[in-house]
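K.L.:
coords please:
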Amino acid sequence: MSATGNDFLARLEATEEIKKLKYRYLRCLDGKDWAGFEACFVPDATGAYAGLEFSDREALVAYMRKNMTEKMVTLHQVHHPEIDVDGDEATGRWYLQDKVIVEEYAFILEGAAFYADRYVRTEDGWRIAHTGYERTYETTSSTADLPSWKLKIKPRH
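P.N.:
Predicted structure coming up:
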């Protein structure tokens, strides 16, 4: 295979690995698997979520661990990845759809945003160097406004 073909295959492989990393980030976030979530980042990773700023992995993970409690049900899905790989660095844009339910406060949030990420290849594979999003919209509602609303949660194993 030509050098150009090898480069294409290497970028394609890196793109697939980055997709798996982003999906793991979301799965660990929603599953509140904080060790798995932390492992998605390099130590000096930064974050910026619609006004919340984090200067390193430790601060970002600590915030999520404290604020995304077991009493919250969350759903984060990303779609339409635009990933550009340049050697051992990459950038990615993703369309986010999310939902947060806090039954205790009769609260539901739904929204969308665009993520803008930076990734680096490490000895342990691709990791997030920066993640963040800007909201396109956000809605909130009260479950009290929906008389038939019920929440059933399947216990995690």
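K.L.:
quick one, strands of this structure?
P.N.:
Along the chain, counting by DSSP state E, strands occupy 41-49, 52-54, 72-86, 89-102, 107-122, 125-142.
K.L.:
which residue is the nearest non-sequential neighbour of T122?
P.N.:
V42 (6.5 Å; CB to CB, 6 or more residues apart in numbering). All C-beta spots, glycine's among them, are computed from the backbone N, C-alpha and C.
K.L.:
report how many residues lie close to that neighbour.
P.N.:
18 (other CB atoms under 10 Å).
K.L.:
ok, now which ones touch it?
P.N.:
Contact analysis of V42 by CB atoms under 8 Å, 6 or more residues apart in numbering lists R57, V120, T122, R127, I128, A129.
K.L.:
could you rerun that using 7 Å?
P.N.:
Going by CB atoms under 7 Å, 6 or more residues apart in numbering, V42 touches R57, V120, T122, R127, A129.
K.L.:
counting neighbours, which of these comes out on top?
P.N.:
R57 (22 neighbours).
K.L.:
ends of stretch 117-131, what's the gap?
P.N.:
In terms of CA to CA, to the nearest Å, the two terminal residues of stretch 117-131 are separated by 4 Å.
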